[in-house]
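Student: sequence isn't available, so here's the structure alone:
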């Protein structure tokens, strides 16, 4: 029996791309949880659970954690959680391929990429950018209770989960299954740029080095 499958999607005032994201993932999971940080009600064509968090400026780690906690309290013994940017469009079969390989390799996290063979990282530390966790679309093994570090508000949030997942079995990149990322850094503001610098120092304080 497959583990219960959930998608967590934080969003802020981007109803057009959010609808595309939800449409692409909804048929691949049992439940979609949207974490709404905006002041415009999201327009979603598919049935979803919506959690509102108005905190400004946004703390991406907090938004992820709200979704992860909501998935946890559903009471399933095993579950896989996809965390997606609202502008990430996953291809058909993405969740099954990524989550299945993650569990086959006893990893704690997984994403997809362009390599011909799976790439598994089991120790925290810098790796080539092409094999690091793709922060806009990845899967976590839910019952391991991984959580984002809310001291990292905007940047290096995915790097933290990447490195922590390696301590719990690894992060695997599954070949193929290209994910469209429509607007990389599309919501950056001067305030968030300043936060990125603070997040970089926080990451160094935690690990003694930058991830890349």
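Tutor: In hand now; what should we look at? Because the structure is predicted, anything quoted here is derived from the model rather than measured.
Student: so residue 50 is in which element?
Tutor: Taking DSSP states H and E as the criterion, residue 50 maps to strand 49-52.
Student: go ahead and name everything in contact with that strand.
Tutor: 31, 32, 33, 34, 35, 36, 42, 44, 66, 67, 70 (Cβ atoms under 8 Å, 6 or more residues apart in numbering). To be clear about C-beta, it is placed using only N, CA and C from the backbone, and glycine gets the same treatment.
Student: helices - which of those residues land there?
Tutor: 66, 67, 70 (DSSP state H).
Student: which of those sits closest to residue 25?
Tutor: Of all the ones in helices among the contacts of strand 49-52, residue 25 sits closest to residue 67, with 13.0 Å by Cβ to Cβ.
Student: count of neighbours near the closest one?
Tutor: When neighbours are counted by other Cβ atoms under 10 Å, residue 67 registers 26.
Student: beta-bridge partners for the residue nearest to it when sequence neighbours are not counted, please?
Tutor: Leaving aside its sequence neighbours, residue 67 sits nearest to residue 8 (Cβ to Cβ, 6 or more residues apart in numbering; 3.1 Å). Counting by DSSP bridges, residue 8 forms beta bridges with residue 33, residue 83.
Student: what is the burial count for the residue lying closest to residue 71 once chain neighbours are set aside?
Tutor: Closest residue to residue 71 apart from its sequence neighbours, by Cβ to Cβ, 6+ apart: residue 6 at 4.4 Å. Neighbourhood size, residue 6 [other Cβ under 10 Å]: 27.
Student: in a strand, residue 6, correct?
Tutor: Yes. Counting by DSSP: H, G, I helix; E, B strand; the rest coil, residue 6 is located in a strand.
Student: return the residues in contact with it.
Tutor: Listed by Cβ under 8 Å, 6+ apart, the contact partners of residue 6 are 29-33, 67, 71, 74, 79-82, 142.
Student: tell me the pLDDT of residue 44.
Tutor: In the predicted model, residue 44 carries a pLDDT score of 67.
Student: and the strands in this protein, which stretches?
Tutor: For the chain, strands defined by DSSP state E occupy the ranges 4-11, 31-36, 49-52, 79-84, 88-89, 109-113, 119-121, 137-141, 171-175, 180-181.
Student: relative to the fifth one, what are the paired strands and their orientations?
Tutor: Meaning strand 88-89. Strand 88-89 is paired, per DSSP bridges, with strand 180-181 (antiparallel).
Student: which residues does the partner strand contact?
Tutor: So strand 180-181 is in contact with 85, 87, 88, 89, 136, 137, going by Cβ under 8 Å, 6+ apart.
Student: got JSON lines for those residues, with distance to residue 17 and neighbour count too?
Tutor: Listed next are the contacts of strand 180-181 as JSON lines, based on distance: Cβ to Cβ, whole Å; neighbours: other Cβ atoms under 10 Å:
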{"residue": "85", "distance to residue 17": "9", "neighbour count": "26"}
{"residue": "87", "distance to residue 17": "4", "neighbour count": "21"}
{"residue": "88", "distance to residue 17": "9", "neighbour count": "25"}
{"residue": "89", "distance to residue 17": "8", "neighbour count": "20"}
{"residue": "136", "distance to residue 17": "12", "neighbour count": "21"}
{"residue": "137", "distance to residue 17": "13", "neighbour count": "26"}
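Student: now flag whichever of these is closest to residue 121.
Tutor: Nearest to residue 121 among these, with distances taken as Cβ to Cβ, is residue 137, at 17.1 Å.
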